[in-house]
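> build me a structure from this.
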Amino acid sequence: GGPRTKWDQNVKDFEVVEAVSDTVSVCRTTTPSAFMRIISPREFVDVVLVKQYEDGTMLSAATNVEHPLCPPQPNFVRGFNYPCGCFCIPLPGEPGRTQLLSFFQTDLGGYLPQTVVDSFFPASIAGFYSNLTKAVKALK
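Numbering: from 1, shown residues only. Coordinates of the predicted model:
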């Protein structure tokens, strides 16, 4: 599961399907049902790169991938992440602060009306950043 399953209410389970190298892995993430169970549980399979640069900047980048060890599961709708990621950039002269730059585009898959997606997604994203902030502060 890892720490994200503890602080991110939108992640039910996270598993490394294959460690390709010390910086690249194939991962499967599942989400619980949402929006009063109107949105079924989802699963995402991504190739993920995690890299740290000399200046302390950390990059996590991912994109959807098909993997023979991770066929679609019957109780989940397969979602699709387009190339996405985040940079955690240390702020010079402010050792306790980090700039977060993230970008993502997700296709939830299935047959969701756009009005449902538009109603659910903004609150979900806001909750993600709020919970991430709390998790980071708890690490201090």
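
> what about the helices in the chain?
With DSSP state H as the criterion, the chain has helices at 4-7, 114-139.

> ok, of those, where does mean pLDDT dip lowest?
Among the helices of the chain, helix 114-139 carries the lowest mean pLDDT, at a mean of 82.

> related to what we said a few turns ago, would you mind finding the most buried of the helices of the chain?
Between the helices of the chain, the one whose residues have the most neighbours on average, counting mean count of other CB atoms under 10 Å, is helix 4-7 (a mean of 14). For the C-beta atoms, the positions are set from N, CA and C on the backbone; glycine is no exception.

> what about stretch 36-44, start to end distance?
End-to-end span of stretch 36-44 (CA to CA, to the nearest Å): 21 Å.

> for that stretch, buried residues please.
Applying a neighbour-count criterion of 16 or more other CB atoms under 10 Å, the buried positions in stretch 36-44 are I39, S40, P41, R42, E43, F44.

> what sits up against it?
Counting by CB atoms under 8 Å, 6 or more residues apart in numbering, stretch 36-44 makes contact with 12, 28-33, 64, 72-73, 75-81, 106, 108-110, 112, 116, 120, all of which sit outside it.

> sweet, I'm off.
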